[in-house]
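1. attaching a predicted model along with its sequence, questions to come.
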Amino acid sequence: MAFPLPVWLAVQEELLAQSEADCGAPRCFDTFDDKALFQLFHLNRPCILFITDAVRHRMKDAVSRNSQLSVDEMVMVALNYYAHGVSTAAVLQKAGLSQTDCPTTIVGTISGVIAGMSDVFISFPLTWDARTNVALNIEKFCGIPNVLGVLAPAHFKIRTSPYEKDTFRSFVNALGYTSVVSQIMCDCDGNILSVEKCCVGSTFEQDMWDSSFKGTEIQEDLHGPFWVIGGKGYRLSKHVLTPVFEPANDNEIRFNEAHAKILDVMQTTLDSMKRRFKCLMQLGFAQEGSLNKQSNIIKACSVLHNIAKKFSVSPPPEAAKIEPLYPGKQHSVPVEINHEALKARQELIESKFSIVSSCQDPSGSNITEEDA
């Protein structure tokens with residue numbers, strides 16, 4: 001999973017102790033039945049109560065006594081906004097707010113708190129055993145060995161003023177709409193492993209990767225001799241495995257099919273997030289240089305996505321067609337070919353995707369801890 005079992009148990013134990021201390025106190029969610037809870041928040045009751053306890057624990061005495069709402073009510077308003085992109089009348093009424101009240105400040109506060117929980121609920125595999133486990137699962141899924149995760153730019157629509165032409169153009173992505181873009185990594189089960197950056201939509205994903213914390217760590221071999229799967233917008237490198245641009249034989253075609261299979265997990269993951277959290281379909285008005293609000297909402301929804309998966313809460317059924325995974329934005333200036341990476345990819349293709357190797361049972365990862 002996205003966070004190790006010992007971490008999960010430690011957090012759960014601490015929150016359970018806190019819940020026992022609060023036992024008997026009425027909660028704002030109690031008046032909703034299970035069906036209404038899912039309709040309003042796209043989460044089930046145990047998951048919602050866990051999230052509420054986690055936020056309350058993080059905020060502690062941060063809410064002023066003069067605050068209009070309790071922490072539970074603030075979480076209720078925020079979760080409702082994430083689920084629908086607007087605040088529904090039932091939740092506003094329960095919180096004692098009117099349709100004219102703007103929950104932006106409440107959502108901003110809770111988004112910042114939940115985004116700060118990413119240090120617990122979004123975790124890249126840091127130990128050798130964790131990396132090996134993730135890599136083995138990915139190899140079982142698609143046949144490509146020694147892969148730590150899937151890397152992709154995730155675009156989220158925003159609104160910006162068309163009268164500020166330079167700013168407007170900076171938000172327009174390769175698909176022609178205005179967006180912000182974050183760098184997301186996931187495993188083959190759709191757990192979010194890393195969320196970084198919140199940039200204007202015209203940003204190249206390779207530039208995000210080169211300047212990201214996780215990209216720097218991986219390129220400097222801090223996570224061992226593993227790959228991450230990247231689409232056509234990334235350059236083939238020592239640790240980023242891209243598809244063959246023009247496959248010349250059946251081996252390369254089979255490799256590209258396996259690459260597409262694992263890359264498709266990212267599209268499924270983003271589909272799931274946007275179905276559960278409809279606020280991600282439109283993140284509102286944005287200005288270049290001031291994207292903290294959008295960044296916190298994206299990261300908060302990523303945290304909540306991982307928690308929902310831990311509680312086995314399926315997202316709502318698909319109601320509308322979700323756009324395909326971003327096709328990738330490549331620099332027009334030719335880049336120098338990394339011949340060492342090209343050779344490593346070709347060796348991988350020949351060893352794992354030739355007719356002979358495809359008839360053999362997969363034997364697991366080729367890498368031992370001594371190679372790291």
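-> Structure received.
2. stretch 275-284: end-to-end distance?
-> Start and end residues of stretch 275-284 are separated by 17 Å (Cα to Cα, to the nearest Å).
3. give me the buried positions along that stretch.
-> R275, R276, F277, K278, C279, L280, L283 (16 or more other Cβ atoms under 10 Å). In this view, the C-beta of every residue, glycine as well, is placed from N, C-alpha and C.
4. check stretch 140-147 too.
-> Those buried within stretch 140-147 under the rule 16+ other Cβ under 10 Å are F141, C142, G143, I144, P145, N146, V147.
5. stretch 173-188 too?
-> 173-174, 178-188.
6. sort these by pLDDT and name the bottom one.
-> Ranked by pLDDT, these bottom out at A174 (89).
7. that's a strand at it, yeah?
-> No - A174 is assigned coil when assessed by DSSP: H, G, I helix; E, B strand; the rest coil, not a strand.
8. that one contacts F204, doesn't it?
-> No - using Cβ atoms under 8 Å, A174 is not in contact with F204; the gap is 9.6 Å.
9. before we move on, the earlier item: okay, and which of the buried residues of stretch 275-284 map to helices?
-> R275, R276 (DSSP state H).
10. picking that back up, identify the farthest-apart pair in the buried residues of stretch 173-188.
-> Of all pairs drawn from the buried residues of stretch 173-188, the one with the longest distance (Cβ to Cβ) is T178 and C188, at 31.8 Å.
11. quick one: the helices in the stretch 1-150 of the chain?
-> 5-21, 34-41, 45-59, 71-84, 89-94, 104-116, 118-121, 128-142 (DSSP state H, counting those that start in this stretch).
12. which of these is buried the deepest?
-> Mean neighbour count (mean count of other Cβ atoms under 10 Å) peaks for helix 71-84 among those, with a mean of 24.
13. in strands, which of the buried residues of stretch 173-188 appear?
-> S179, V180, V181, S182, Q183, I184, M185, C186 (DSSP state E).
14. could you export the buried residues of stretch 173-188 as a markdown table, including distance to I355?
-> Listed next are the buried residues of stretch 173-188 as a markdown table, based on distance: Cβ to Cβ, whole Å:
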| residue | distance to I355 |
| --- | --- |
| N173 | 40 |
| A174 | 37 |
| T178 | 47 |
| S179 | 43 |
| V180 | 45 |
| V181 | 40 |
| S182 | 40 |
| Q183 | 37 |
| I184 | 35 |
| M185 | 32 |
| C186 | 31 |
| D187 | 29 |
| C188 | 25 |
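15. list just the nearest of these to Y234.
-> Q183 (10.6 Å).
16. surely that closest one touches E205?
-> Yes - Q183 is within contact range of E205, at 7.1 Å (criterion: Cβ under 8 Å).
17. overlap of the contact sets of these two?
-> Taking Cβ atoms under 8 Å, 6 or more residues apart in numbering as the criterion, Q183 and E205 both touch A152, P153.
18. quick one: the closest residue to N133 other than its chain neighbours and F50, what's the gap?
-> Excluding the flanking residues, the one nearest N133 by Cβ to Cβ, 6 or more residues apart in numbering is P125, at 7.3 Å. To F50, P125 is 23 Å away according to Cβ to Cβ, to the nearest Å.
19. what do you get for R159?
-> Taking Cβ to Cβ, one finds R159 at 33 Å from F50.
20. low-confidence ranges in this protein?
-> 1-26, 61-67, 319-323, 329-334, 356-372 (pLDDT under 70).
21. now with 80, please.
-> 1-26, 60-68, 99-102, 162, 165-166, 287-289, 318-336, 355-372 (pLDDT under 80).
22. helices along the stretch 201-350 of the chain, start to end?
-> Under DSSP H, counting those that start in this stretch, the stretch 201-350 of the chain gives helices at 205-211, 213-219, 250-276, 292-310, 339-352.
23. pretty sure M281 sits against G85.
-> Yes - the pair M281 and G85 qualifies as a contact (Cβ under 8 Å) at a distance of 6.3 Å.
24. which one of the helices of the stretch 201-350 of the chain is the most hemmed in?
-> Ranked by mean neighbours (mean count of other Cβ under 10 Å), the helices of the stretch 201-350 of the chain are led by helix 292-310, with a mean of 23.
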